Structures are given as C-alpha cells and as structure tokens.
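Engineer: Give me a model of this one.
(chains A, B and C)
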Amino acid sequence: MLLQEVVATSRAVSATRSRKEKVRLLAAVLAEAPAGERPLVARYLGGSLRQRRTGVGWRSLGDLPSPADEATLTVAEVDATLEKVAGLSGPGSAGMRRTRTEELFGRATEDEQAWLRGIITGEVRQGALEAMLTEAVAAAADLPVKQVRRAAMLAGGTAYVVEAAFEGEEALAGIGLTVGRPIQPMLASSAPDLAAALEKVGADAAVDAKLDGIRIQVHRDGQDVRIATRSLDDITERLPEVVEIVRSLPADRLVLDGEAMWLADDGGPRPFQETASRTASGSGGAVTPYFFDLLHRDGRDLLDLPAHERWAELDDLVPEPWRVTRWRGEDPADAQAFADDVLASGQEGVVVKAAGATYDAGRRGAAWVKVKPVHTLDLVVLAVEWGSGRRRGWLSNIHLGARDPDGGFVMLGKTFKGMTDEILAWQTERFTELATVDDPAADWVVPVRPEQVVEIAFDGLQRSTRYPGGLALRFARVLRYRDDKSAAEADTIEAVRDHADGPTRGH
DNA sequence: TTCCGACAGTGGGGTCGCAAT
DNA sequence: ATTGCGACCCCACTATCGGAA
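Structural biologist: Next comes the predicted model:
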C-alpha cells in the first residue's frame, strides 16, 4: 500500500472534529489494505511505529532534503527503512542513521515528510490515536468494539489483534491473558480528597497505600520471570532481586501487578528520583516489590473476578512484606485515619478501590481513585513561552520563580497546566504588556517584568541540577492568578526550602 | 435535554545510555 | 571528560464528542 493513502487519511482525520467521522475514515483505509499489511497500516493510522525506538527524534529532523514531487513510497518501505535505522549502533551509527533518514525523507512528498516527522516524534496530532483505531478496527471487521478493545488491552495494543479481528469473532475471542505477554495495566482516576474518592468508588471499598515508585507487571511461567513497566517495556534484567522473590512464591504460573521501590536504610520510602535511577540503571541497592493485584494463578485467569476475590488470592500467595498495605472496612473515619498513617509514613498518597470491580486492563475508571496531598505557593512569573498546536498564538508555558529576600527571583520550574482558554487569552495580553523585549513575537521565550503573582499547586519538591536553587517543583499547575498580591508579597525561596525539609515530605 | 465518561492534546522534571565532540 | 540527544520513568489538567441518564 502506498504511504500516500495513509497520509491523505491522516489529513482528512485532522480536518474533522467528529470522532465518528475520524473512525469512519480510518476504517475505510483498513478495509482496503492488503491483508498482510493490515497490522502495519493500522499502526500508522493510529499514530505509532512498529519500532519501539528508532534513535531519531525531534532534533535530528531539523533540516531535511527537499521533498519529492511524486508519491512513490510504500508503507512497507518506510517500515523496512525504520527497522534498519533502529538497528544501528556503535561508532558511526549516528552518521548512518542520518544518511538513511535523509534518504527516506528525500523520497517523500511534502505531505509525507510532515507526516513522517509527526509519527517519528510521536506527535501526529490528528485527534485520533489508539482508542479511535480500536473503534476503526471494530468497524472495518464488523465486530463489537467491546470485544476488540478487550483483546487489544490483553494483547498489549490494537495492532496485535488486527489480523484476528479480520479473521472473525472466534479468533478474536481466542485472545486472552497469556502468561509472559504483558497487558495494558489498569489505571486510576483522581479525586481531591478521601471523601470524594470514597463517594466515587461506592460503598464497598478498600484503601491502598500509594507508593511513589515504578509500576511493575510480573509474569512467571515456571522459572521464567519477566517484568514489564507501565508502558510494557521489559525491565527484567534490571530487577534481578524481584525475579528471585517472584520465583520463591508457591505457584508455577502467575501474573502480578504492583509497584517497585528502593527503600531507605531505615526502611522508609526513598524519593522517586532515587528509585527511578536505581530502576533505570540496574545498579545500586535492592529494589523491593509491593504487589496489589493478582491477575492469573496456575491456569486460572482472575481478571473477571471481583477485586476482593483477587485480593484474597493475593493474600494467600504473596507474603505480607511484598504486598501493598491495604485497609478494608466500613467506617469512613477509619479510612481517613489509615490514609493519615500512610502519609505520615512518608508514602505518596492512597488509592481507593472498589471491592466488587473487575480488573479492566487499560482503563482509567471510577473503580480505582487516587488521592494525593496538594501543596501551594504564590510565585512570580519570570518569562512565558509561545504555545504550539491548539495553543499557537497564545502565550502558554510560564516560568515560575520564588522571591529571593536578597533581591531577584529564583526559578523553580515551568507550567502550562490548569489554564482555561479564557486564562490563556488573558495571560497572552497581560504578558505581552509586561514583556521586556521590543518584539515579543520574535522569540519563543518572552522575558517579562517580574510583577505577576500566580498561585501554583504542586505535588512536592525534587532535587534539581537545572535550576539555580537546586530545587524544582513536581507537577506544577496554575490554580489562579493573584491580582491581590504584589511580587513583593510572593513566597520566598526560604519558605520553599522549609517546605522541602518539612516532616511529611520525607525528602 | 442535560450530564458525564473517555480521549487527545499540551506540555512539566529527572534519569539513564550512547555517540559525538 | 563533557555534551547533546533520544527514550522512558513519574505525571495534571482542559476541551470536546457522543453515549448514558
């Protein structure tokens, strides 16, 4: 199949806001794709590559050869080239990667170049990704979306079930949980406090400690153990201690869901950065797994059991030191006391879970609701960046600073979150007025007079080598602009430091 | 008719390995 | 030895569509 068909469809999908129309367009291409190419075409329509990593990113696609006049590239050729590019390593590989990439782009038309750039950097921006693709596959194969979605979640992606879907309902139904093949993990929505979370989840609930580590899904088949991350990356080699623990469990085949964390010497949690470092490099102290769900045990799939039954199996199989701390009860005041204890022990927060809910792979629903404490600061805007995509033309990403009592401001991070369209419009005007350059439109970053105070919510502070104070905000977002405060009344860097050393922060 | 669940988009900081400088 | 890049870990929030209520 010619790449041009996919590219033209992508443009058409971008052009309509109707999701039904997007799905219809995607399904039409799938229906006419040659049977052998359907999985690849599906991937491309859904905005992803077959290659997990290519080594080519935004920066490498800066200056490209002039486009071809005629559309001759096929999807198979693109895939073959990227496969070669992805396989390059060692001295000279960067040059080879560049040469092959330029060759590919030189054979692409202008439209195709733009599309290639988008899909390689992971920014197709057509308003349709995996979920729309799942619906399109269902439509093209004339099967219920629910069945296709379930198979896709259990197979680790829609592209893996395309062939089965076109074979028919029976083949699709044959795709279940397979020990050794990671599934899309179930995710949690969030609530501002425990009461709201309990309300959302319903009467029969449990409360789990939420650990600030790395999500792990562990599959064991005999002595063979594989560990996958949230994005289904295989990190088995980096966590040998977890492999040993899972091998020690009294079961032959099992699938576990949990969190891995590197503990401090006193047994308390380490900051996320340290667990992340330890997990990324595979060297350092031992990481401890904390499991909170059991999805398969010795030939029995547990996914569709109510949660409390899975939990009972988990308690039976996994010793307490390797399980997440869980509260079960009736009294909301009791639940609150548990949550307070969890926070006091230095953990990140809690997850409230419905005791009757099945394990819905890949879904972020009301069955799991996380609650984390929120901190706030009044900071000063030091600069602003022009937005992109739907924020083009608006000043979007703001640079945040704390007041330095000795004069000036100490930058602590940036944020683009929490802004409504109304706020974006307002701040674009406001910061254009405060700009300290003659032509604010000339540069990506626009420095401003440090006069505007903004109330910022954030999850915590982390060590930073990037910012001069040695501190950075984690998950900063705008709550509101404060016109009742001058910059001289903003929070100081000293207050921020005290905050960082606070007793409940842990680090 | 209104409400709300699910999606996509818009980016944040830190960390690593790797190849080039 | 240092630097830049790509990839992946953690992620919050808003706008929008379309089915549910």
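Engineer: would you put the C-alpha positions of whatever helix or strand residue A:402 lives in in CSV?
Structural biologist: In this assignment (DSSP states H and E), residue A:402 forms part of strand A:395-403. Extracted C-alpha coordinates of strand A:395-403, given in CSV (Å, rounded to 0.1, in the frame of the first residue of the first chain):
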residue,chain,number,x,y,z
LEU,A,395,1.5,32.7,25.5
SER,A,396,1.3,29.3,27.3
ASN,A,397,4.1,27.9,29.3
ILE,A,398,5.1,30.1,32.2
HIS,A,399,8.4,30.3,34.1
LEU,A,400,8.0,30.4,37.9
GLY,A,401,10.2,32.0,40.5
ALA,A,402,10.3,32.4,44.2
ARG,A,403,11.2,35.7,45.8
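Engineer: That one vs DNA strand B: in contact?
Structural biologist: Yes. With CB under 7 Å from any atom of the strand as the criterion, DNA strand B is reached by strand A:395-403 at A:396, A:397. Quick note: C-beta positions are derived from backbone N, CA and C, even for glycine.
Engineer: now that strand: how far from the chain's centre is it?
Structural biologist: Remark: strand A:395-403 is offset 24 Å from the chain centroid, using CA atoms, centre = their mean, to the nearest Å.
Engineer: Wait, residue A:315 touches residue A:322, no?
Structural biologist: No. Residue A:315 lies out of contact with residue A:322 (CB atoms under 8 Å); the separation is 11.3 Å.
Engineer: Mind checking which of these two has more residues around it?
Structural biologist: residue A:322 (17 against 13; other CB atoms under 10 Å).
Engineer: Relative to residue A:251, how far out is the more buried one?
Structural biologist: 13 Å (CB to CB, to the nearest Å).
Engineer: and stretch A:458-476, how far apart are its ends?
Structural biologist: Taking CA to CA, to the nearest Å, stretch A:458-476 runs 4 Å from one end to the other.
Engineer: quick one: average confidence on that stretch?
Structural biologist: In this model, stretch A:458-476 carries a mean pLDDT of 96.
Engineer: Name the nearest residue to the residue of chain A found nearest DNA strand B, sequence neighbours excluded.
Structural biologist: With CB to the nearest atom of the strand as the measure, residue A:389 is the residue of chain A nearest to DNA strand B, at 1.7 Å. Nearest residue to residue A:389, sequence neighbours excluded (CB to CB, 6 or more residues apart in numbering): residue A:125, at 6.1 Å.
Engineer: Check residue A:427 too.
Structural biologist: residue A:395 (5.8 Å).
Engineer: Kindly report the residues of the stretch 1-150 of chain A close to DNA strand B.
Structural biologist: Counting by CB under 7 Å from any atom of the strand, the residues of the stretch 1-150 of chain A that sit close to DNA strand B are A:47, A:89-95, A:123-133, A:149.
Engineer: can you rerun that using 6 Å?
Structural biologist: A:89-95, A:125-132 (CB under 6 Å from any atom of the strand).
Engineer: Among those, name the buried ones.
Structural biologist: The neighbour-count test (16 or more other CB atoms under 10 Å) marks A:126, A:128, A:129, A:130, A:131, A:132 as buried among these.
Engineer: Now do the SS call for residue A:455.
Structural biologist: Secondary structure assignment for residue A:455 (DSSP: H, G, I helix; E, B strand; the rest coil): strand.
Engineer: Identify the residue spatially nearest to it, adjacent ones excluded.
Structural biologist: residue A:479 (4.4 Å).
Engineer: Just give me the neighbour total for the one you found.
Structural biologist: 14.
Engineer: So it is in contact with residue A:457, correct?
Structural biologist: Yes. Using CB under 8 Å, residue A:479 is in contact with residue A:457, at 5.1 Å.
Engineer: who touches both of the two?
Structural biologist: A:376, A:418 (CB atoms under 8 Å, 6 or more residues apart in numbering).
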